[in-house]
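1. quick one: sequence and predicted model below, then my questions.
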Amino acid sequence: MSVPLVKGWCPGAYRPMASGDGLVLRLRPPMGELTPAQTLALADLAERHGNGTLDLTNRANLQIRGVAEADHAALIAELAASGLVPPDSHAEGPGIILSPFAPPDDDRRQRQIAQALSKALQAAEFAALPAKFGLVLDPGPLRHMDGISGDLRIESADDTLILRADGCNRGCRVASPAEAVEQALRMMRWFLTRGGVDAQGRGRMARHIAAGHLPPPDLRGDLLPNPAAPAPLPGARPDGFCLAAPFGQLTPDDLRYLARLGAPYLRITPWRMIFLPGLRHLPERAQASGLIADPGDPLLRVDACPGAPSCPQATVQTRPLARRLAGIIPPGSSLHVSGCAKGCARQSAADLTLIGRDGRFDLLRHGTVRDTPETRSIAPDAVPDLMNR
Ligand code: SF4
């Protein structure tokens, strides 16, 4: 039986991950957005140095796939020249995800916070933060980032900014963006010095708190964050337009198409969608794009990781099967096709989960890849018939 490799670090651009189709470079665009010029530059670089496939991740990152080791240094230099990666590896600190839908005043505040935090986190004292440690900025009357993984969250309670540790229901009041940064840094120091990171360099805030470690009283607070907004869907919004990438996969032509739609910038979201602020509708030629604008598209019901041959852990192809099955998944239901038991594409429960193992699939209902399958070792060709029964 194949056993998934669990790595304790997240790949970045300077520290790429080896995959079945070459190196994977993960980019965190500054402020989570790309200008049209950066988008066009990225499309060309992915085509020239990669295999023409990019991923949108559920941490609002972009990944260039299929880069040859010999091309890595040249690609980094060109990405840095376009402002797509920081000029040196030390600036690739913990991930900070901004809300793509924050109203203008809150957007200004979250940008101030993100800029100051990015700078402060380059200090040596924060180098020991686990690679998966992340911050979620979600100020405003509604929380859009509920369910997006993060260890520290900066949100609003009514009009007041609050800092909330993941794993706590309530947060503490912070009077200004500057105080939010100061208190967030204090919380990270507390996490680092009070056993939040294990000997392997791993650790998450919610796990630390669940183990009985409570932050100092003045960082706990008693303010409930504002209510959560419903999960966003592709299509028109009052503030712009969202387009989803099937399985989070983009091509260079998708990027070129997005760059030319007329939005001032593209916001990378953690829902495998690109948000185009200010765009009210798509031109007719949108129909030619492989991107999803219809909130009822069956592909939105399916999650599937790259599978074989892109991932060396996989013994099965995933996305071709996921496309075949999408049409028979009823609206409101979900399917997860995973290349192995690691479940990269989806951690939450799905109505149906298929897990690749030794060239075949195990199937379970209403659970995750960590649950016990009810049917084992199904040949890939037999899966559609089984599901139609
Ligand atoms: S879940 Fe998919 S992408 Fe993740 S390790 Fe397994 S096969 Fe690879």
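-> Okay, I see it. The structure displayed is predicted, hence computed values, not measured ones.
2. what does this protein have sitting close to the ligand?
-> Applying Cβ under 6 Å from any ligand atom, one finds that the chain approaches the ligand through 4, 305-307, 311, 313-314, 338-340, 342-344. Where you see a C-beta, it was placed from the backbone N, CA and C, and this is true even at glycine.
3. mind putting those in TSV, distance to residue 360, pLDDT and neighbour count included?
-> Below are the residues of the chain next to the ligand laid out as TSV (distance: Cβ to Cβ, whole Å; pLDDT from 0 to 100; neighbours: other Cβ atoms under 10 Å):
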residue	distance to residue 360	pLDDT	neighbour count
4	16	37	16
305	17	95	25
306	18	93	26
307	13	95	26
311	17	92	21
313	15	94	20
314	12	96	23
338	13	98	29
339	12	97	30
340	12	97	26
342	17	95	20
343	17	95	20
344	19	91	20
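4. mind listing which of those residues are in strands?
-> residue 338 (DSSP state E).
5. now distance to residue 144 too, for the residues of the chain next to the ligand, in JSON lines please.
-> Output for those, formatted as JSON lines (distance: Cβ to Cβ, whole Å):
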{"residue": "4", "distance to residue 144": "31"}
{"residue": "305", "distance to residue 144": "25"}
{"residue": "306", "distance to residue 144": "27"}
{"residue": "307", "distance to residue 144": "30"}
{"residue": "311", "distance to residue 144": "30"}
{"residue": "313", "distance to residue 144": "32"}
{"residue": "314", "distance to residue 144": "32"}
{"residue": "338", "distance to residue 144": "27"}
{"residue": "339", "distance to residue 144": "30"}
{"residue": "340", "distance to residue 144": "31"}
{"residue": "342", "distance to residue 144": "27"}
{"residue": "343", "distance to residue 144": "24"}
{"residue": "344", "distance to residue 144": "23"}
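6. between the residues of the chain next to the ligand, which is nearest residue 289?
-> Closest approach between the residues of the chain next to the ligand and residue 289, by Cβ to Cβ: residue 306, at 20.8 Å.
7. OK, contacts around that closest one?
-> 19, 21, 55, 65, 249, 314, 318-319, 339 (Cβ atoms under 8 Å, 6 or more residues apart in numbering).
8. the same query, at a cut-off of 10 Å, please.
-> 19-21, 24, 53, 55, 63, 65, 247-249, 313-314, 317-319, 339, 344-345 (Cβ atoms under 10 Å, 6 or more residues apart in numbering).
9. what's around residue 330, how many residues?
-> Other residues near residue 330 come to 8 when the count uses other Cβ atoms under 10 Å.
10. ok, it touching residue 296?
-> No. At 11.7 Å, residue 330 and residue 296 do not qualify as touching, with contact defined as Cβ atoms under 10 Å.
11. tell me the residue of the stretch 251-389 of the chain that sits nearest the ligand?
-> residue 339 (2.6 Å; Cβ to the nearest ligand atom).
12. alpha carbons only: can I get whichever helix or strand residue 64 is part of in CSV?
-> Using DSSP states H and E, residue 64 falls within strand 62-67. Output of strand 62-67 as CSV, limited to C-alpha atoms (Å, rounded to 0.1, in the frame of the first residue of the first chain):
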residue,chain,number,x,y,z
LEU,A,62,-0.3,30.5,-7.0
GLN,A,63,1.9,27.6,-8.0
ILE,A,64,4.0,27.3,-11.2
ARG,A,65,4.3,23.6,-12.0
GLY,A,66,6.8,21.6,-14.0
VAL,A,67,9.9,23.7,-13.6
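13. would you tell me what the next helix or strand after that strand is?
-> helix 72-81.
14. only the buried residues of that next one, if you could.
-> For helix 72-81, burial by neighbour count (16 or more other Cβ atoms under 10 Å) applies to 72, 75-76, 78-79.
15. closest to the ligand among those residues?
-> Taking the buried residues of helix 72-81 together and measuring to the ligand by Cβ to the nearest ligand atom, the closest member is residue 72, at 20.7 Å.
16. wait, what's in contact with the closest residue to residue 45 other than its chain neighbours?
-> Nearest residue to residue 45 in three dimensions, chain neighbours excluded: residue 78, at 5.6 Å (Cβ to Cβ, 6 or more residues apart in numbering). Residues in contact with residue 78 (Cβ under 10 Å, 6+ apart) are 41-42, 44-45, 48-49, 71, 84-85.
17. got those as JSON lines, with neighbour count, pLDDT and secondary structure columns?
-> Formatted as JSON lines, the entries for the contacts of residue 78 read as follows, by neighbours: other Cβ atoms under 10 Å; pLDDT from 0 to 100; DSSP: H, G, I helix; E, B strand; the rest coil:
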{"residue": "41", "neighbour count": "20", "pLDDT": "98", "secondary structure": "helix"}
{"residue": "42", "neighbour count": "26", "pLDDT": "98", "secondary structure": "helix"}
{"residue": "44", "neighbour count": "14", "pLDDT": "98", "secondary structure": "helix"}
{"residue": "45", "neighbour count": "22", "pLDDT": "98", "secondary structure": "helix"}
{"residue": "48", "neighbour count": "13", "pLDDT": "97", "secondary structure": "helix"}
{"residue": "49", "neighbour count": "22", "pLDDT": "97", "secondary structure": "helix"}
{"residue": "71", "neighbour count": "17", "pLDDT": "96", "secondary structure": "helix"}
{"residue": "84", "neighbour count": "24", "pLDDT": "95", "secondary structure": "coil"}
{"residue": "85", "neighbour count": "25", "pLDDT": "93", "secondary structure": "coil"}
